[in-house]
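A.B. asks: 3D model of this:
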Amino acid sequence: MAPFTHHWHKDTEHRNVVLLGLERISSDGSTVGGALFKNSFGQVSAYAYYGHEWHELLGSDSLYFKLSGGIIYGYRGRFKDKVLFNVGGFSPAIIPAIGWRLTPRDAIQAAVLGKAGVTFSYNRRF
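C.D. replies: Okay, here's the model as predicted:
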């Protein structure tokens, strides 16, 4: 769940981004997932991805790095040029993230959204 996104550049058309996602992390660190969200312009959007999560960074059991790549759908109409390589509302994405595991089941994470901004999330393992 990502309740807050900070944009690098202010735009009067920016709206609050709300994201809910679900992913599966395998024992080898590979991830597959999807997210539904309202993008910065209020359009319902989705991200389907595959990636990898690296644990125990810098000798810390809590620190991790995640890299995902996939397809975003949702930037349409006059906002179609807000993401690169957009064709019919579909565009590729690569999203790096760094997180801190609070407990074995709970974590906070920051994901860089290219030149657009950074989103902050709370993650819960089930």
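A.B. asks: contacts, neighbours, all on C-alpha from now
C.D. replies: Will do.
A.B. asks: what pairs with the residue positioned nearest the centre of the chain across the strands?
C.D. replies: In the chain, the C-alpha nearest the mean C-alpha coordinate belongs to residue 111, at 5.6 Å (CA atoms, centre = their mean). With DSSP bridges as the criterion, residue 111 is bridged to residue 97, residue 119.
A.B. asks: got a list of what it touches?
C.D. replies: Residue 111 makes contacts with 95, 96, 97, 98, 118, 119, 120, as judged by CA atoms under 8 Å, 6 or more residues apart in numbering.
A.B. asks: turn those into TSV, including neighbour count and distance to residue 76.
C.D. replies: Shown next, in TSV, are the contacts of residue 111 (neighbours: other CA atoms under 10 Å; distance: CA to CA, whole Å):
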residue	neighbour count	distance to residue 76
95	16	20
96	17	24
97	18	26
98	18	29
118	18	21
119	20	21
120	20	24
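A.B. asks: distance to residue 58 and pLDDT added to these, as TSV?
C.D. replies: Formatted as TSV, those follow (distance: CA to CA, whole Å; pLDDT from 0 to 100):
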residue	distance to residue 58	pLDDT
95	21	98
96	17	98
97	15	98
98	12	98
118	22	96
119	23	96
120	21	96
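A.B. asks: can you list those residues in TSV and add distance to residue 8?
C.D. replies: Converted to TSV, the contacts of residue 111 look like this (distance: CA to CA, whole Å):
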residue	distance to residue 8
95	16
96	16
97	16
98	18
118	8
119	11
120	14
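A.B. asks: number of nearby residues for residue 101?
C.D. replies: A total of 20 residues lie near residue 101 under the criterion other CA atoms under 10 Å.
A.B. asks: report pLDDT for it.
C.D. replies: Among the per-residue scores, residue 101 holds a pLDDT of 97.
A.B. asks: ok, back up a step: measure the residue nearest to the centre of the chain to residue 77 for me?
C.D. replies: Separation of residue 111 from residue 77 (CA to CA, to the nearest Å): 26 Å.
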